[in-house]
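Trainee: predicted model follows, preceded by the sequence.
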Amino acid sequence: KGEVLLEMGQDDGAERAFERSLELHDSAEVKEALETQRGERKAREEQAKQSLLLEASLDKERGTELFKARKYTQAVEAFSRALAAEPRNPVYLMNRAVAHLELSRSMLAAKDFDDSIAAAREGGDRDLLVKVLGKKGRMWERLAAVRG
């Protein structure tokens, strides 16, 4: 049954069928098929993860270009797509915070700055932490100057 499910592209069902078969009778052939299936699934999952990370990196680059072109709303959208793949990436959070700030969305900017600071601390990236803290400080200076 596991092999039939594999042929049909139903990987999860195939894995369960191999596991059930092993429960019923311990077979070297079924064990090998199960291990092969698990290895292939793991490889596919890793490939999908790498693809998502690559797409996130491209979205970050798109966001940077959009920001430079002063297209802040689209930049926020691009950084948000990048964050969908890597929600705790401190650079993506910082960049989106700066774009929010340009759109006068100070509360959203402050939240992203705080999340970026926490993520940079967790990752032990002191240089990035200093950079984010500096940008957040400039945000507060800018808001204070506007509010007079």
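Mentor: Received the coordinates, thanks.
Trainee: and residue 89, what does it touch?
Mentor: For residue 89, the contact set (C-beta atoms under 8 Å, 6 or more residues apart in numbering) comprises 56, 82-83, 119. Where C-beta positions appear, they are placed from N, C-alpha and C, glycine not excepted.
Trainee: what do you get for residue 74?
Mentor: Contact analysis of residue 74 by C-beta under 8 Å, 6+ apart lists 63, 66.
Trainee: helix or strand for it, which one?
Mentor: Secondary structure assigned from DSSP states H and E places residue 74 in helix 72-85.
Trainee: next helix or strand past that helix?
Mentor: helix 90-102.
Trainee: buried sites along that next one?
Mentor: 90-101 (16 or more other C-beta atoms under 10 Å).
Trainee: just give me the closest of those residues to residue 125.
Mentor: Nearest to residue 125 among the buried residues of helix 90-102 is residue 90, at 6.8 Å by C-beta to C-beta.
Trainee: what ranges does the chain have for its helices?
Mentor: Secondary structure of the chain, counting by DSSP state H: helices at 2-7, 11-24, 28-68, 72-85, 90-102, 106-123, 126-147.
Trainee: so of those helices, which one's packed in deepest?
Mentor: Ranked by mean neighbour count, these are led by helix 90-102 with a mean of 24 (mean count of other C-beta atoms under 10 Å).
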